[in-house]
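Chemist: fold the following for me, if possible:
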Amino acid sequence: GQPAPDFVLPRDGGGEVGLAGLRGRKVVLYFYPKDDTSGCTKEALAFTALAPDFEAAGAVVLGVSKDPVASHDKFRAKHDLGIALLSDAESDVAERYGVWGEKSMYGRKYMGIERATFLLDEEGKLLRAWRKVKVPGHAEEVLAAVRAA
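Modeler: Numbers count the residues shown, from 1 in each chain. Here you go, the predicted structure:
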C-alpha cells in the first residue's frame, strides 16, 4: 500500500511516460534484463498476447530495461510487441524499485536488472510485487492479480 517511486522515462517510438500521468489506471511495471534475449522476448510476447485483457481490466503494461530507446524500437518491431518499453539507461528507476543489483553468469559477476514485476493501483500505490520472476505463466498470474485488485 505504500506509494510507488515516481518516474518519467523515455519510451519506444519517442516521447516519455511518467507514473503521475497514469493516475486512474492500474499499472503493471515489469523490469527485465535485456531486449531480444530469450527469456525477455518470451516475457514481452506473453504480456503482448494478454495486452487486450490487461486493457479491459483497466491496466497499462510497461516494460523497463537499461536498453536505449533505439534498441527498444528494434525489439518491438522485430517481435510485433504491443506494450510500451521504457529506457532506464542510468538504472535510477531500477534502483528505486530495488531491482538493480549484482548478478552472476558463468562465474562472472556483474551489475544488472533483476526480473521483477510490480502492480500499482489507480493512485500509484504498490499492490503487489513479484521478485525473481520465472517467465512461464507469469503474465497470466499478473493478469489474475489485476482482475482481483
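Chemist: which parts of the chain are helices?
Modeler: 38-49, 51-56, 69-79, 92-96, 138-148 (DSSP state H).
Chemist: out of the ones you listed, which gets nearest to G18?
Modeler: helix 92-96 (11.0 Å; CB to CB). All C-beta spots, glycine's among them, are computed from the backbone N, C-alpha and C.
Chemist: what about Y110, distance to D80?
Modeler: Distance of Y110 to D80, computed by CB to CB, to the nearest Å: 31 Å.
Chemist: spatially central residue in this structure, please.
Modeler: Centroid-nearest residue in the chain: Y30, 2.2 Å away (criterion: CA atoms, centre = their mean).
Chemist: could you list every residue that touches that residue?
Modeler: Going by CB atoms under 8 Å, 6 or more residues apart in numbering, Y30 touches 43, 47, 61-64, 115-118, 133, 142.
Chemist: mean neighbour count for the helices of the chain - can I get that in JSON lines?
Modeler: Converted to JSON lines, the helices of the chain look like this (neighbours: other CB atoms under 10 Å):
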{"stretch": "helix 38-49", "mean neighbour count": "18"}
{"stretch": "helix 51-56", "mean neighbour count": "15"}
{"stretch": "helix 69-79", "mean neighbour count": "16"}
{"stretch": "helix 92-96", "mean neighbour count": "17"}
{"stretch": "helix 138-148", "mean neighbour count": "17"}
